[in-house]
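Student: Need the 3D shape of this:
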Amino acid sequence: MTNQDSFEPPTHVATPVSANEANLPVARPVTVPVVTPDGLERSLFRLERSSAKSAWIDTGILILCLVTLEVVISSAAFLGTGIGRVTASVQSNLPASQIADFQGEVTRTLLVPMVLLRAAVACAIIWMMVTLRKQGRVSVGLGCRNWLLDVGIGILALPVVYGVIYMVMLPLVMFVPALREQAGENISRITSVVPKLPLIGFFLFACVVGLYEELIFRGFLLTRLRRGTNSWTAAVILSSILFIVPHAMDQTMVMLVPVGILSLSFTALTIWRRSIIPGIVTHLLFDFSQFVLIYFIIKA
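Tutor: Numbers count the residues shown, from 1 in each chain. Reported below is the predicted structural model:
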């Protein structure tokens, strides 16, 4: 075979074709957000998966239930003290002052059961609403990144709160005599309704009050109001007003100032830590310190 009869296959060099020339879709880089545990906790605490409408509905339902409960409890307490007073006056010829003392004793006896009933019903309502919404405990501030740290912050916050109250209240009661009289009247009001308990009883009572009030006003209402208004400022103002209103029923006007300071302090702790644990600790320690003072006043 000669060289002319040899056959060589044709060679072809492939020319690269761009994606646009071939009419193929061009893959673009996609950034996938990474949700950290801290970011997820913040999202759940801020109720970002819930609508503003549902937040307002939940807020209205809880307030309506609590107002109804308060009307029922107050009516029952008023009826009970009234029956006790009538019974005492009918069965014995007691003077009016002793009958009033008897009525006060009935009121003190009913205080602890009334508070326990409020706490149980309020916690049950909140638990049912959070469960139905599938929101979880973080949505009411019961998440905790570091229990020891949050408890420590709650303890250290107590002297700070007392210091702020002292600096605000001292000028008021010093330069306005009428406010000084109101402060004294407030002490008389509180001591007349607080039951005679041992110190451990006062501590347990303070734990119940601190837990259920923080769960209601900071854990549930604060977070729902923030979601409904989309503003922490509005939520802080509204939740503080809701906290002050029930305290206005049994305290003098001047003492609503420290109540407002307490509300703002507990709220600041809750927003900072995204947990009601520090607020619960500060709240119960503040109440317990007040109960200790009342305890020695009653003993005296």
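Student: quick one: the helices in the protein?
Tutor: 37-45, 52-91, 96-133, 147-175, 177-193, 199-214, 223-229, 232-247, 256-273, 277-299 (DSSP state H).
Student: Of these, flag the one that's most buried.
Tutor: Comparing those on average neighbours per residue, with mean count of other Cβ atoms under 10 Å, the densest one is helix 223-229 at a mean of 23. C-beta coordinates here come from the backbone N, C-alpha and C atoms, glycine included.
Student: Work out the gap between that helix and the centre of the chain.
Tutor: 13 Å (Cα atoms, centre = their mean, to the nearest Å).
Student: From the contact counts, what lies against it?
Tutor: In terms of contacts (3 or more Cβ pairs under 8 Å, 6 or more residues apart in numbering; DSSP states H and E), helix 223-229 is packed against helix 52-91, helix 232-247.
Student: Of these, which shows the lowest average pLDDT?
Tutor: When the helices and strands packed on helix 223-229 are compared by mean pLDDT, helix 52-91 comes last with a mean of 81.
Student: got the helices and strands packed on helix 223-229 as JSON lines, with distance to Cys207 columns?
Tutor: Shown next, in JSON lines, are these (distance: least, Cβ to Cβ, whole Å):
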{"stretch": "helix 52-91", "distance to Cys207": "20"}
{"stretch": "helix 232-247", "distance to Cys207": "18"}
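Student: now Arg218, nearest residue through space, not along the chain?
Tutor: Thr270 (4.4 Å; Cβ to Cβ, 6 or more residues apart in numbering).
Student: Show the pLDDT at the one you found.
Tutor: pLDDT, Thr270: 96.
Student: Now that it has come up, it's in contact with Thr282, right?
Tutor: No - in this structure, Thr270 is not within contact of Thr282 by Cβ atoms under 8 Å, at 10.4 Å.
Student: if we can go back for a sec, in a markdown table, list the helices of the chain along with distance to Ser139.
Tutor: Converted to a markdown table, those look like this (distance: least, Cβ to Cβ, whole Å):
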| stretch | distance to Ser139 |
| --- | --- |
| helix 37-45 | 6 |
| helix 52-91 | 10 |
| helix 96-133 | 6 |
| helix 147-175 | 17 |
| helix 177-193 | 34 |
| helix 199-214 | 14 |
| helix 223-229 | 6 |
| helix 232-247 | 14 |
| helix 256-273 | 13 |
| helix 277-299 | 15 |
